[in-house]
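J.: model this:
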Amino acid sequence: MSWVEETKRRAALEAVKEVRSGFVVGLGSGSTAAYAIQALGEALRSGVLQDVMGVPTSYQAASVALEAGLPLTTLDENPRLDVAIDGADQVDASLNLIKGGGGALTREKVVASAADRYVVVVDEGKLVEVLGVGQVVPVEVLPFASAFVLRRVGERARSVHLRVGSGKVGPVVTDNGNFLLDADFGPIEEAGELEAWLRSIPGVVETGLFLGLADIVYVGTRKGVRRLVK
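T.: Alright, predicted model coming up:
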């Protein structure tokens, strides 16, 4: 395991301490969230936690949870979550995020919004002063509208492209059956305004700008884990 993966794992273990017995937990997607899901499964097996259920944000998260022995539920059964744990692609000083590198941004934003407390886990390389520096903003779009949205976003972005799969022909398709655009806006000084503009474009389902949602961020570093609070 590389030092970066080890820092993410340690930070995920700290984040899991936010969970109490009886909690319903939103489960993020990706490698960082997987460490937290695995830790929750271990806590259940050892008896440290009891009666914890998870709401996965993707088929990948559901698969990791099932393998870890973590019981699953749905937002239909539990529309209010006690806590959600997820990773992020970038985090600024105000705990605003860019997410969506793994393609589950819409479900992740729904789950984050449904949770009483949204806990994010990252390595220190994800911390930035300004969002968008060296990082694209993912945008989930209806397939029918993808060319139109691509043109509209391209009027403002430095560059934008349809995300295509690795090892498959054609575009990446989300768990919702939609396409993803990756837009480079450079440093984002007015993230709220950009978020509103993107969401105003017909055919845009959701954006990877997660603004004002994170309550706590656990940051894995070479020296330990930092806890950042809103």
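J.: count of neighbours near G54?
T.: 29 (other C-beta atoms under 10 Å). The way it works is simple: take the backbone N, C-alpha and C, and place the C-beta from them, glycine included.
J.: before we move on, what about R80?
T.: Around R80 there are 9 residues (other C-beta under 10 Å).
J.: gap between the residue nearest to it when sequence neighbours are not counted and L81?
T.: Computed as C-beta to C-beta, 6 or more residues apart in numbering, the closest residue to R80 that is not its neighbour in sequence is A114, at 6.3 Å. Distance, A114 to L81, by C-beta to C-beta, to the nearest Å: 5 Å.
J.: tell me which of the two has more neighbours.
T.: Higher neighbour count among A114 and L81: L81, with 24 against 17, using other C-beta under 10 Å.
J.: excluding its backbone neighbours, what's nearest the more buried one?
T.: A115 (4.2 Å).
J.: got a list of what the residue lying closest to T32 once chain neighbours are set aside touches?
T.: Counting by C-beta to C-beta, 6+ apart, T32 lies nearest to G87, which is 3.3 Å off, once chain neighbours are set aside. Applying C-beta atoms under 8 Å, 6 or more residues apart in numbering to G87 gives the contacts K8, G28, G30, S31, T32, A33, K99, V120, V121, V122.
J.: was I right about the residue nearest to R80 contacting D76?
T.: No. Judged on C-beta atoms under 8 Å, A114 makes no contact with D76 at a distance of 11.4 Å.
J.: and the helices in the protein?
T.: 3-16, 31-46, 59-68, 105-114, 146-154, 191-199 (DSSP state H).
J.: distance to Q135 and mean pLDDT added to the ones you listed, as JSON lines?
T.: Shown next, in JSON lines, are the helices of the chain (distance: least, C-beta to C-beta, whole Å; pLDDT from 0 to 100):
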{"stretch": "helix 3-16", "distance to Q135": "16", "mean pLDDT": "93"}
{"stretch": "helix 31-46", "distance to Q135": "16", "mean pLDDT": "97"}
{"stretch": "helix 59-68", "distance to Q135": "21", "mean pLDDT": "97"}
{"stretch": "helix 105-114", "distance to Q135": "13", "mean pLDDT": "98"}
{"stretch": "helix 146-154", "distance to Q135": "16", "mean pLDDT": "98"}
{"stretch": "helix 191-199", "distance to Q135": "12", "mean pLDDT": "98"}
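J.: I am finished for the moment; much appreciated.
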